[in-house]
Each structure stands twice: as structure tokens, then as C-alpha cells.
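Asks: Let's see this in three dimensions:
(chains A and B)
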Amino acid sequence: MTMPKNIYKALEGIVGPENISDDPAVLDSYRYSLAHTAIHLGPFFDTFTPRGSAVLLPGSTEEVQAIVKLCNKYRIKFKASSTFWSAQGYPSEDNTIQLDMRRMDQILEIDEKNMFAVIEPGVIGATLQAEAMKVGLNTHIPGAGCSCSTLAGATSYFGSGPSNLYGGWHYDNLLGVEWVMPTGEILRTGSLGAGCGWFCGEGPGPSMKGVARGFIGSKGAMGVYTKCAIKLFAWPGPTTLPVEGIVPAYKTSLPDNFKAYTVAFPSWKSWADAVYTIWDTGVGYIAHRQYSMFGRDLKFAMIKILTDPTKTLGDLEEILDDPEVQKITEESKRDFQIVLAGMTKRDIEWQDKALDEILSRTGGWKVEAMNEPEINKWMLLYLIRLGHKNLNLVFGGSYDGCFGLLGSADFGTSHVEEAAEFKKRWEKRGAVVEAGGDCMMGPIGGQGGGGTCLWENFTCFDPYDRDSIEGTLEFFDACTELGLERGWGVGMEKWNSQARGPDGRIAPKEERDRIHLSAPQPDIFRYQHKIRKAFNPNDLGDAYYETLDDS
Amino acid sequence: MDKKMAQLMEIVGKTNVFDNPQMGKDFSPVSDHVTSIKPRYMVKPKDVNEVQKIVIWANKTHTPLIPLSSGGPHFRGDTSPTVHGAVVVDLSGMKRILKIDRRNRLVCLEPGVTYTTLLPELQKEGLRIAMPILPRSNKSVLTSLLEREPVLSPKYQWNLLEPLRSLEIVWGNGDKIWSGSGVFRGEKEEDWKEGLVPVWGPGPMQLDYYKFVSAAQGCMGIVTWASVKCEVFPESRKLFFIQAQKLDDVIEFTYKLLKFRLGDELFIINNTCLGYIIADKPEEASALKATLPAWAVVLGITGGQILPGEKVEAQESDISDIARQFGLEMVPEIENCSGRELLELLLKPSEEPYWKLRYKGGAQEIFFLTTLDRTPGYVETMHSAADESQYPIGDIGVYIQPVHQGVCCHLEFVLPVDLMSPAESSQGQKLFRDASHRFFNQGAYFSRPYGIWADMVYQKDAKTMMVMQKVKEIFDQNNVMNPGKLCF
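Replies: Below you'll find the model as predicted:
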């Protein structure tokens, strides 16, 4: 539907004619193919997120506020997105105004002493990291990668990634927030609202930051976050990350106070023992089970390809035939990557020895092939900058995670083999990439200091191929069934299925209610409904904010 | 018998309802935060079911409830009724340690568990908890964490609510939920073995329920158990001092330690405050002040289960080096106070009388959050205010506790007063009010706004107040939970 002219004019008056468009060609460029989403349909089915009624690029909080107030006046839904990661950044209902936040891209302040940065939505992880490193600080980069908005990960989604362990996930790191609420009023949380600065997001008294985000954020369905402060942490390296090599084999050489290892274990029990001991001991700067995303059977072969500019995916089968590669693949079955960063020379010496001691006590080992200098330098850059997100799509053009076993280290390790074996059955049928079943990627420490892991079983498929799409859908349905049967809960494959149905639009209320009523605590969604009624009375967001109204 | 009393007896049993006319005195605050009104009854529930029934009853009868977990004396007025007819819900009888899990470093405890009872139990399992500075021996662990009291070790605080994790919450409307991953409450031993444990604090989902009850002064609901993250009990530990004549001289050094997360316990204290902590008797505190350094960074170094000695040795050398770079010296003891002795004190709750009351029998405390670099300015303001009120500057204890890994710090002034002297008491109250306003105007963030601070902060931040009131309306629409506090 075309937006009424008077509304368009009013919006144009707010952002200026150069920052608004309802040209269908422009609007179509703000749609998303439902490949990496809960729907997994892909371009083959030509199913996209609904076309917005206009796209606007606001340049300030005041402009955002004026837009939101106008949306309330005319009861128009709106959805803001900064770097548009996945379908969640796109509308699920027709006639929604899309706010592209890229113009608000300033790092407003880096407080070196008190270790935080004040940023706008368009600031991406790589930029913030580069600026922070100039003053001896670093920022946590969530799993979405360094090209994604730091603010979006911290306020609106999950914010978890490889550096949770030392740097904290962005739930931990989110300090003061400036939030244009769905009504257009502005809430500034914590010390910011009190006029005392950005250093604290909580209080005064009960923390109203808890309305803005919980374990996850509201995914663009509850207003617009226009600024936030993010806690930083020490970077004991050079002021500029030295990057060398030829695409895609970029790597970095860092001083001796950095060490990157792949460690592996004879059993999942010893894997978990080591993880718990690492958390108890307080070693590690980054820890992630990273390269398993390529699959247990393929990961080392893929690393060989990715660290050698002369190799391509076409070489995969030949590399897999190499007995040495097979040996290393077997050796690193139950592995993870860990980067140590010493704040001093003594610190790195102690951490290095402590890690050796942990490995010795738990029966683990360092995978020596990963210490080969070119691989090691590539691994360092990969894990510190997290700039290789394209590799998520390298096999078939699309991927999604399934299971997502979230909990203590013992929880995931108890079920990883069963989940991997389950996936193998579907891999053999050819719908998804045959990678060894165990493609479980996730942080060693889901939060600051450890304590939890997330096991996201990467499933790569071809979104242009009907059989692949249908097979993937079937597999994900089966995953959900198994997860419920085994008490693991609904997996990542269905985490957003209440928000978007197979037509790319909001799922019917009955389906959403069914999902929420089957949750361990349906009241959680009833309270979210009450919060939405109180703070978003005109219901101008979408179903990514999950509510249950069965009164 | 009064009808309400009979109804309460039906819920908690005859012996657990108290109609004690003397009770009002027990609930008078030590400080000048609120004017207390005698509660009508006190009830002692034994479990969450009784708590839930009490809250539902309070909604039906429109009776104000005041949750209370710690023993007295109470300083901040949050547990003092400010409306007539209130019922105090005394949770001190719910004092079970439900589980200590070494592998996941979690303890699940009820609100009546005190630091005195918890610490030895944790130690048996090789664990410890990040402690506030010398809590009262009868202080509820859960309340201390819910109220966001600062802990001695900022490095373990990845967020300001650490080490608090999952909660069981009975809201003011009588509903019960489990926040975080509290739905995995480990009722079965197999759950702990499988790793289905209450290890997360946030959520679940898109609201952060534990933040709604955090620093809420019991205005939102009653927390009936919590899981708390523990640390490994160190096999090796030492305590050091870095002393200076001026507070400014240790600020940059402290920033450096915070940045590198060196050390474990880490705070800054002035000679007066340190004197109050280590003195056995009032007269000793005065004498000690003269010999102790004007300012000291107190720094603990710990080594856990893996190469503990080597870690302590490495950090000791590193921190000594850093101290020297700032023209400072790290020493294991100062005149009249050795690191070992102070460490022993810091690892336990306060001896009686409570350390803040030891000098004069009473004390006012003023605390807020700020950044470390701004602390000298506030100390100067405190001195000016004291000077104008003719309060002895030498009696002002200053405690600076970095929190949230050093992003900000808790700055606390301890102002001893002799409550038996009306003149001194009145002088203390005047200073408390005057200094509070000066700090507020200077940019101090009263993140835990007790008593008069609540009016100050919510008048300035009306939007937060509006949001809080909407949230309160959802979880406690009849305003039965501790009415009259904060902005409710």
C-alpha cells in the first residue's frame, strides 16, 4: 500500500527529502530473503520479508523521536535496524516504516580511564575495536561479527560471542542507554537519566534497563535505541592490529604476550573438566569452539583452504584424502580454541603454565598443527576481530543453527554426541552439508567469567535448491521434536518461529499462543504482554517481542 | 482476637504471628532516613507457599507488607514501615542453604541465610563468596546482593548485580516466577549432575525480572531463594597496602590495577575508616587514626587451585613494579596493621559492635556511585560541609570501592555520631542532609536511593519514575509491598 501523501510529507519534514524514500526499488532493497531465519525458505521460493511503506534514515535522537511520535499519531508500525543481521532486522507486517540507523554512526566518547565508549547505532564492532585499541582497550564482538552494530547486539538481541569469557557478553557490558520508547518518550537509564554520566545503567532503585532488555532484547519491536555506553576491557597489544596476508587468508602477528591454541580432549567429560577448571582459574582472553562450525570431519581441511590463498573449496576432497589431515581431524574431534593475553610478561608466563597444567590434569592436549605459524596468526585475527562471517555461508549459501543447547558445560557435553549423530542421519540424505554431525559452535563461557556454554549446531544448506530447503525444514522440525522429547527445549531452529510464518509475515496468534503456552513459564510471556500494553499501547512493533494474551 | 491476626495465624500458624507493642523500637532506623511507624504485626513464614499466601491475603485486605531478612540494627530505613497497619514479613526463619555445587560454583540460599552461616559452609566445599566490607553478622546474604551492596572484589563483577543469579520471586500481586534460569532449580540431584542448574541471572526472555527487584527495598515483591555465583577458595592469598598522603596520588595506580584486573580484593580507605575497622574499642580508633596512613589502597592477591603460589608471586611482583612506576610502594604491613590481620577481619562479618557503630554508638552513612577520578572532589565537598557544620573532619571515614570491574565506584562516607547526645545527633542529621544535597548537585549518582535520597533522584529523573510506576502497577497494582518507599 502506498503511504498517504500527507504522512510522507510529514516524515520528509523530519528527516529531509534525501533521507526518505518510498520508491519500490529502494524498498525492495530493504527486504530479506528468508534463508537465515526461522523459516529457512530461501530465494528458491521467492519469499521475502514484507516490503516497507517507506524507509527513513534518521540523523539524530530528536528525529527518531519525532518519527515515532508521528507513527503513534497515525498508528503506523515501525522497525529500526542498524546493520540488518538476519530476518529479525526486517518488518514482519505490511505497511511498516523502516528506520535505517546507519547515519547515526558516531563514537561519541571513549572514556579511557573508566573503560567505556558511548556509541550510536551505526557504529560497528570493527570500528569501535580499532578506536579502542588506540588507547589500549578492546571491545567484545558478538557472534554476528565485526561488521554488525555494537549497539544492536547489546540492546536488541543477544550480544554473545568468543570474548564473553574475559570481556563479558554485551548484556554485561551495556551501561547507560538512551531509548526512544514506542510512545516516543525518551528514557535514559541509570546514571544517564540522573544527569551523572554514562557509567551505570542500573537504577536508581530497581533497574528499568530491565524493561529495555532481558536475557535477549526486543529485536526492534519496542522502540529505538539511539545511544548507549559499552564497557570496554584491556587490550595489551599494539595500538593498531597489524593485518597481513592475501584474501581470504588475512592474519596478524602479535607480541609474545598473546598465545592462541586449539586444545582437544579424549572425552567430553575431560573437555568439560578442563572448561570448568579454566573458569575456576581465570585464564583466557577469548575462548570459543569456533571451527567446528565447518563440521567435525571438515574443519581442519577447511582451515588448510582458508589459510592458503592458492586453495579453493574445489580442493576440499583432495585435502580430505590426506592422511595427515585425517589424523589431525581425528585428534581435534573434541576441541576448542583459546587465546591467552598476558597483561604483563609474568602474567602470560603464568597463564601459559596454568593452561598446560589444566591440560595435564584433564588429559587434554594442544593440537600442534594449529600452532603452525601461518595458521596460528590467522586464528588470532579470526578470533580477535571476528571478521570472517562470510564463512558461515561458504558451503551452500545459507546456514542456520539448531539445537542451541544452552547451559552449564556439563549440560551440552551430555548431549552433544546424540545431537551430532541425529544430524548425521539427515546429512547422509543429502539435504544439508555432510560435515560430520558435530558442527557445534559456541562460546566457552556464555557470560563473563564462564559458567555456561552454547552449542549451536551449524546446518549449511543451499537456499536455491528446493530439495535442500525442504530437507532442511524437515530436519529442523525433527530437531525440535527431539529437543522437546529429550527435555532440551525448543532449539535455535525455532527460536523465532513465533515471529514469522512461512509467508514471511507474522505467525498467526493461535500458533504464537501455542508456542508460548508450552513454555516452562507461560507467565513470562503474559508479563511481556502487560509490559507491551503499558509501554507500547498502540502496538507499533512486531511479534519479535513475544507476548501471550490469553486472558 | 483481631480478624487479621486470626487470618495470618491460619497461614503461618499461631506461634509465627507476633503482635508485639515493643516491636516499633526494633525497627527504628539508626540513621535519619525515614520516620518509622510501628508495624501492626510481624509474621514468620517458613516457605514460599506461606509467603505467597501472605501476599495474596495482603492484596485482599489491602495490608502493607514489609519484607525483612536481616537482623538489626537497620541503617537505611528501607525496612521501617512508613504507613499504618503494616505487617512485617520476617524471612529470617527461611534460612536453608538449599545447595552448594562446587562444579558450577553455585550456592542456592534462602533470605534468612547470613554471611556468618554461609561462609564456613562454602569453605568446606572449597568455595567463597565475593563479600561486602565487614557486613553485620546477622546480615542476609540475599538482601545484601539484592540491594546491590558493593563487594570487595570488583574483578568478578562483569555486571553490577554480580554475583547474584537466578531468583524465585513472589510479586506484590501474589504471582510467583523464577527469573534467570531459576526454572532449573535443581530440586533433583540428577539435574545438578546433568548441568541443569540456575546459573543465569538475566531474563528469562525479553524482560529482566531480577533487575525489577534489585535495589527495590522490598517494593516489588519477595525473593524466596536465590542462586549466587561463588569463587574458588584460594589456597594462597596475601593482603598488601599501598599508602599515600593524598587520595589523588593513588587514583591512577588504582585505575591501572583495575584495567589489568590485577589483585582480588581492591579498595581505597582513609585512616579514619581503617581505624574504625581495626579498633577493638572506641578510644583505640582515635589513637589509630594518628598512626595509619592518610590513604591506603588495600589489595588482596589470591591463587586458586592451579599453580596458586606462582600466581600470587607473579602478581605480587607485577603490582610492586606498577606501584613503583607511580612513585608508590606496596607493603605487607603498615604501622599498627598487618595485611594478615586485616585480611582475617575482611574475610568474616564484623565483630560486635558493628564496625560503623564502634566509635560512637551510632553513625550516618552517605554513599553513591561515581567514577574514581571524581572521588577526590567529593571528599573535598564532604570536608567543606563538615567544616561548616562543625563536625570533626577527622571523624569522617571514607571507603571507596570500585565496582563493575572499575567502570565506576561506590564512594561511602561514614559519619559516627553519639545518639545519646541530642546535640551531636542533630548535628549529624544536619550534616547528612546538607552533604547529601551537595553531592547530588555535584553529580553523585544515588543509585540506591534510601530515605531522602529518593525524593532527590526521582524529582530530577521524572521519566525513570514514570517507568518505575508503570512497572510497579503491573507487579504490585495494590501497592501492598513496602508502600511509601522510593517513588511508590
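Asks: the strands in the stretch 351-500 of chain A, which residues?
Replies: Remark: strands assigned in the stretch 351-500 of chain A by DSSP state E, counting those that start in this stretch are A:365-366, A:398-407, A:440-443, A:453-461.
Asks: I'd like to know which of these is closest to residue B:442.
Replies: Closest approach to residue B:442 among the strands of the stretch 351-500 of chain A (Cβ to Cβ): strand A:440-443, 41.0 Å. C-beta coordinates here come from the backbone N, C-alpha and C atoms, glycine included.
Asks: Give the partner strands of the closest one in its sheet and their orientations.
Replies: According to DSSP bridges, strand A:440-443 forms sheet pairs with strand A:286-289 (antiparallel), strand A:453-461 (antiparallel).
Asks: Only C-alpha atoms, please: export the first one in CSV.
Replies: So the one you mean is strand A:286-289. The C-alpha coordinates for strand A:286-289 follow below in CSV (Å, rounded to 0.1, in the frame of the first residue of the first chain):
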residue,chain,number,x,y,z
ILE,A,286,38.9,-15.4,24.2
ALA,A,287,37.6,-19.0,24.2
HIS,A,288,35.3,-20.4,21.6
ARG,A,289,34.6,-23.7,19.9
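Asks: List of residues touching the helix or strand following it?
Replies: Reading on from strand A:286-289 to the C-terminus, the next helix or strand found by DSSP states H and E is helix A:299-306. With contact meaning Cβ atoms under 8 Å, 6 or more residues apart in numbering or on different chains, helix A:299-306 is reached by A:248-249, A:291-294, A:311-313, A:315-316, A:319-320, A:325, A:328-329, A:332, A:369-370, A:375, A:378, A:388, A:391, A:394.
Asks: for helix A:299-306, the distance to its chain's centre please.
Replies: Distance, stretch centre to chain centre, for helix A:299-306: 23 Å (Cα atoms, centre = their mean, to the nearest Å).
Asks: what bridges to the closest residue to residue A:188 other than its chain neighbours?
Replies: Excluding the flanking residues, the one nearest residue A:188 by Cβ to Cβ, 6 or more residues apart in numbering or on different chains is residue A:178, at 5.3 Å. With DSSP bridges applied, residue A:178 shows beta-bridge pairing to residue A:188, residue A:227.
Asks: so how far is residue A:431 from residue A:396?
Replies: From residue A:396 over to residue A:431 the distance is 10 Å, taken as Cβ to Cβ, to the nearest Å.
Asks: now do residue A:13
Replies: 51 Å.
Asks: Which one's more surrounded, those two?
Replies: The neighbour comparison of residue A:13 against residue A:431 (other Cβ atoms under 10 Å in any protein chain shown) goes to residue A:431, with 21 against 12.
Asks: Residue B:450 against residue B:216, yeah?
Replies: No. Contact criterion Cβ atoms under 8 Å: residue B:450 and residue B:216 do not qualify, at 11.7 Å.
Asks: Quick check on residue B:464: phi, psi?
Replies: Dihedral pair for residue B:464: phi -60, psi -40, per degrees, to the nearest 10.
Asks: what about it, how many neighbours?
Replies: When neighbours are counted by other Cβ under 10 Å, residue B:464 registers 25.
Asks: thinking again about what came up before, need the buried ones from the contacts of helix A:299-306 selected in ChimeraX.
Replies: Selecting only the buried entries of the contacts of helix A:299-306 in ChimeraX, with 16 or more other Cβ atoms under 10 Å in any protein chain shown as the criterion:
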select /A:249,291,292,293,294,311,316,319,320,325,328,329,332,369,370,375,378,388,391,394
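Asks: A helix includes residue B:414, no?
Replies: No. Counting by DSSP: H, G, I helix; E, B strand; the rest coil, residue B:414 is not part of a helix but strand.
Asks: give me the low-pLDDT residue ranges for the chain?
Replies: Since you didn't name a chain, this refers to chain A. Applying pLDDT under 70 to chain A flags the ranges A:1, A:37-38.
Asks: Chain B, not that one
Replies: B:21-34.
Asks: In it, where's the longest helix?
Replies: Ordering each helix of chain B by length in residues (DSSP state H) puts helix B:422-442 first.
Asks: related to what we said a few turns ago, mind listing what the residue nearest to residue A:188 touches?
Replies: Residues counted as contacts of residue A:178 (Cβ under 8 Å, 6+ apart) are A:61, A:186-188, A:192, A:225-228.
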